[in-house]
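**Q** okay, structure incoming, though there's no sequence with it:
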């Protein structure tokens, strides 16, 4: 992890940790590094979610990009995966997203995509940081007609919606669907997609005001979606996060269908149609043990990475796989897009569901979810990577690992974006694993908080 870049771009509280001077410097350095090999005036597209701080940061970022002679095309509010797709469609040199995903409104972030629609490698991020920390007088300072300019693309969300709708091979007539847009970046794109595909759709949290993104809604707060699905008698509920790169679902009973279950259903369908490369799904260490049991029964292989969509993607590219993701609903289908895409995941699952027939709960039962509990221990951000250097914490972790060695597992990891150490325990006894996870989390808080 670098000075500025974390596991998913540059994140922080907007206007303090992530302020306008930092956004300006990031724009200058990012544009310079990503475009310096070109012999033409670079074009960089910029999209954002619905946060109130988005316009402020876009202005500063745009100024930085234009100051080194690159052009900025503002896409307005679009999902993160839209930028990954549109950077290729529009033949841009790079794309930027201003978003903090599922985080609260006070946070924001800036992340880059290269001209091929992929998130930047560690090496490229380090190069950008080196420029930011170095002598900025070495950067170009164009004047007159060589200064970059900003333009606005009004059709971006429509082009992205056309792409997503085009990934469907059938209409959704006869389906009753509830969609929670998290008052975020999918609020317009989702409506455009479902208008094309049909179905009886009820929308929740699709009226962003700049301050209500992820507020008791979206993929991190499913209660309202679960309640509404049952009340209206829907076949399925779909929830996106603030920037639209994640998707979780709810079945007709109001039960949660998480990313592992979504991957299980889609992967089995892809395999049956001969479209799952090497019959392999890429998952993370957080993936439920039930997924691995399902995979064995269905003849699927599972490649396991550390937590983070970037690591899932790296393994997919390195080993020639085309499908993978996370329990959080961040799912990547490389045959369609270069990053996690919530709308694409939703449409793909709906097509799988329609072909299978029956109820979503029946389709999802292909995987048995073993009890799993995740408890967050809030700590000093500087301490979150050093938990195993603490003797008390180390002893407690080792004791838990021994306790669950034969019938479960223990996973402790620092959050990539927040001042948290996450304690995950999996086992057969829900009450026991919950008590043990909370006990360990409290020890971590006491030692590192």
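**A** That came through, no problem. In this text, all values refer to a predicted model and were calculated from it rather than measured experimentally.
**Q** please enumerate the strands of the stretch 151-300 of the chain.
**A** Along the stretch 151-300 of the chain, counting by DSSP state E, counting those that start in this stretch, strands occupy 176-180, 200-204, 236-240, 247-250, 256-257, 280-284.
**Q** highest average neighbour count across those?
**A** strand 236-240 (a mean of 29; mean count of other CB atoms under 10 Å). For every residue, glycine as well, the C-beta is placed using N, CA and C.
**Q** any idea of the mean pLDDT in that one?
**A** The average pLDDT for strand 236-240 rounds to 98.
**Q** show me the strands in the stretch 1-150 of the chain, by range?
**A** Counting by DSSP E, counting those that start in this stretch, the stretch 1-150 of the chain has strands at residues 10-13, 43-48, 71-77, 94-98, 107-114, 150-152.
**Q** how about low-confidence regions in the chain?
**A** 1-2 (pLDDT under 70).
**Q** ok, 80 please
**A** Within the chain, the stretches with pLDDT under 80 are 1-2, 7, 36-39, 136-137, 406-408, 416-417.
**Q** got the domain boundaries for it?
**A** 10-154, 159-364, 372-448 (automatic domain parsing).
**Q** gap between the first one and the chain center?
**A** Its chain's average C-alpha position is 18 Å from that of domain 10-154, according to CA atoms, centre = their mean, to the nearest Å.
**Q** endpoints of that domain, how far apart?
**A** Length of domain 10-154, first residue to last, CA to CA, to the nearest Å: 27 Å.
**Q** for this structure, longest helix please?
**A** Identified as the longest helix of the chain according to DSSP state H is helix 430-448.
**Q** buried set for that helix?
**A** Using 16 or more other CB atoms under 10 Å as the test for burial, helix 430-448 gives 432, 433, 436, 437, 440, 441, 443, 444, 447, 448.
**Q** now render those as CSV, adding distance to residue 372.
**A** Output for the buried residues of helix 430-448, formatted as CSV (distance: CB to CB, whole Å):
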residue, distance to residue 372
432, 12
433, 8
436, 12
437, 10
440, 15
441, 15
443, 20
444, 18
447, 24
448, 23
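**Q** and of these, the nearest to residue 295?
**A** Comparing the buried residues of helix 430-448 against residue 295 with CB to CB places residue 433 closest, at 22.4 Å.
**Q** about what we covered before: return the most buried member of the strands of the stretch 1-150 of the chain.
**A** When these are compared using mean count of other CB under 10 Å, strand 94-98 is most buried, at a mean of 28.
**Q** need the residues that contact it.
**A** By CB atoms under 8 Å, 6 or more residues apart in numbering, the list of residues contacting strand 94-98 from outside reads 9, 27, 30-31, 34-35, 42, 44-49, 51, 54, 57-58, 61, 80, 83-84, 86-87, 108-115, 117, 243.
**Q** got it, and stretch 401-410?
**A** Residues from elsewhere that reach stretch 401-410 (CB under 8 Å, 6+ apart): 289, 370, 397, 400, 424, 425, 426, 427, 428, 433, 436.
**Q** what is the end-to-end distance of that stretch?
**A** Taking CA to CA, the first and last residues of stretch 401-410 lie 6 Å apart.
**Q** buried stuff in that stretch?
**A** 404, 408, 409, 410.
**Q** can you give me the helices for the stretch 251-400 of the chain?
**A** 259-272, 289-298, 309-319, 342-356, 360-364, 391-403 (DSSP state H, counting those that start in this stretch).
**Q** brain fart, the stretch 101-250 of the chain
**A** Going by DSSP H, counting those that start in this stretch, the stretch 101-250 of the chain shows helices at 122-133, 156-166, 189-197, 223-232.
**Q** ok, back up a step: and which of the contacts of stretch 401-410 is nearest to residue 159?
**A** Relative to residue 159, the closest of the contacts of stretch 401-410 is residue 424; by CB to CB it sits at 39.2 Å.
**Q** which element is that closest one on?
**A** Assessed by DSSP states H and E, residue 424 sits inside strand 420-427.
**Q** residues touching residue 335, list them.
**A** 275, 322, 323.
**Q** narrow the residues you listed to those that are buried.
**A** Among the contacts of residue 335, those classed as buried by 16+ other CB under 10 Å are 322, 323.
**Q** for the contacts of residue 335, which one is nearest residue 393?
**A** For these, the nearest to residue 393 is residue 323 (36.3 Å; CB to CB).
**Q** surely the closest one meets residue 278?
**A** No - using CB atoms under 8 Å as the test, residue 323 is too far from residue 278 to be in contact (10.1 Å).
**Q** contacts for stretch 441-449?
**A** In contact with stretch 441-449 (CB under 8 Å, 6+ apart) are residues 375-380, 383-384, 386-387, 390, 392-393, 396, 421, 423.
**Q** distance check, residue 235 against residue 175.
**A** Residue 235 sits 5 Å away from residue 175 when distances are taken as CB to CB, to the nearest Å.
**Q** with residue 58 as the reference, measure out to residue 51.
**A** Counting by CB to CB, the gap from residue 51 to residue 58 is 11 Å.
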